[in-house]
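Trainee: sequence below, structure please.
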Amino acid sequence: MSDQKKYVLVTGGSRGIGRAICIQLAKDTDYSILINYHTNEDAANETLNSIKELGGSGEIIKFDVSDFNDVKQQLDDWNNTHENTIIEVLVNNAGITKDGLFLWMQPNDWNSVIQTNLNSFYNVTNHVLKDMLLNKYGRIINIVSVSGLKGTVGQTNYAASKGAIIAATKSLAQEIAKKNVTVNAVAPGFIKTDMTIDLDEKELKRLIPANRFGHPEEVAQLVSFLASKNSSYITGEIININGGIYS
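Mentor: Alright, predicted model coming up:
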């Protein structure tokens with residue numbers, strides 16, 4: 001199987017932490033980068049161009065991680081047109097927030113966050129896992145959040161989705177460790193991205209021992225290590241990257 005072309009699939013890879021992960025993996029590995037996006041094709045192509053400028057290779061793939069049938073259809077089609085390839089690393093990064101106090105939270109604000117952040121883990125991981133197990137090698141890295149560990153006011157839906165992924169990470173890791181497939185989660189705190197752009201950084205950084213927000217590239221460096229062969233004895237772990245805010 002050594003002559004297979006090997007890919008890493010990053011969901012929500014067009015912007016923010018996802019983009020930084022795609023670029024870092026292109027720098028550090030020989031993988032082709034499969035950049036998943038849902039709506040913003042221009043942003044996905046920008047990420048792809050950055051990878052190509054580094055001398056890396058990749059392509060973009062459109063599907064809605066929250067829709068099981070769409071994920072299956074698009075990845076099946078991709079597999080059918082890419083013979084002798086394998087997705088060896090999966091980074092489950094796609095996620096959304098719909099913040100608000102639980103008392104006033106509308107059903108759609110709950111359901112859409114659970115579908116995009118939690119159900120996507122099943123939809124995508126379940127699809128690519130079989131090949132990893134057959135190949136007896138794989139890396140699954142789930143991007144979670146400090147909210148899933150300690151909870152955050154106004155994020156009951158988001159915290160629930162990320163807390164569930166944390167539990168799933170620990171369980172799946174135990175099921176497949178013998179097959180040399182690891183499953184870990186990375187839990188960022190406040191990272192400078194579109195998702196945190198409206199937050200009061202000046203006020204919030206007082207809560208952070210490191211006294212600053214993190215950068216997407218710092219998260220990407222950690223993901224890159226977990227995606228490598230050097231991390232083979234680490235599985236079922238949730239690694240915090242938050243400047244000490246939850247330590």
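Trainee: all contacts plus neighbour counts: C-alpha atoms, from now on.
Mentor: Will do.
Trainee: tell me where the protein has helices.
Mentor: 16-28, 41-53, 68-81, 107-114, 120-135, 147-150, 156-176, 201-204, 216-226 (DSSP state H).
Trainee: could you give me the buried positions within the worst-scoring helix or strand of the chain on mean pLDDT?
Mentor: Here the helix or strand of the chain ranked lowest by mean pLDDT, DSSP states H and E is helix 201-204, holding a mean of 82. Residues of helix 201-204 include none that count as buried (16 or more other C-alpha atoms under 10 Å).
Trainee: what packs against it?
Mentor: The helices and strands touching helix 201-204, judged by 3 or more C-alpha pairs under 8 Å, 6 or more residues apart in numbering; DSSP states H and E, number zero.
Trainee: which regions of this protein lie under the pLDDT threshold?
Mentor: Within the chain, the stretches with pLDDT under 70 are 1-2, 195, 247.
Trainee: which residue is nearest the middle of it?
Mentor: Asn93 (2.1 Å; C-alpha atoms, centre = their mean).
Trainee: for Asn126, see how far away the closest residue to Arg15 other than its chain neighbours is.
Mentor: Using C-alpha to C-alpha, 6 or more residues apart in numbering and skipping the chain neighbours, the partner closest in space to Arg15 is Ala43 (6.5 Å). Separation of Ala43 from Asn126 (C-alpha to C-alpha, to the nearest Å): 27 Å.
Trainee: out of the two, which sits in the more crowded spot?
Mentor: Ala43 (15 against 12; other C-alpha atoms under 10 Å).
Trainee: I'd assumed Gly16 was in contact with the more buried one.
Mentor: No - at 10.1 Å, Ala43 does not count as touching Gly16 under the criterion of C-alpha atoms under 8 Å.
Trainee: buried ones in stretch 202-218?
Mentor: Those would be Lys205, Ile208, Arg212, Phe213, Gly214, His215, Pro216, Glu217, Glu218, for stretch 202-218 by 16+ other C-alpha under 10 Å.
Trainee: Arg15 is in contact with Ala94, correct?
Mentor: No - with contact defined as C-alpha under 8 Å, Ala94 does not count as touching Arg15 (9.8 Å).
Trainee: ok, Gly55 - contacts?
Mentor: Not one residue lies near Gly55 by C-alpha atoms under 8 Å, 6 or more residues apart in numbering.
Trainee: ignore the last one, Ala26
Mentor: Applying C-alpha under 8 Å, 6+ apart, we find Ala26 in contact with Ser32, Ile33, Ile51, Leu54, Gly56, Ser57.
Trainee: which one of those residues is nearest Glu83?
Mentor: Nearest to Glu83 out of the contacts of Ala26 is Ser32 (C-alpha to C-alpha; 14.2 Å).
Trainee: verify the contact between that closest one and Ser57 for me.
Mentor: Yes - using C-alpha under 8 Å, Ser32 is in contact with Ser57, at 5.0 Å.
Trainee: so how far is Leu34 from the closest residue in space to Tyr31 that isn't next to it in sequence?
Mentor: Distances taken as C-alpha to C-alpha, 6+ apart put Tyr7 closest to Tyr31, at 5.1 Å, once the chain neighbours are dropped. Here the criterion is C-alpha to C-alpha. By it, Tyr7 lies 7 Å from Leu34.
Trainee: understood, closing this out.
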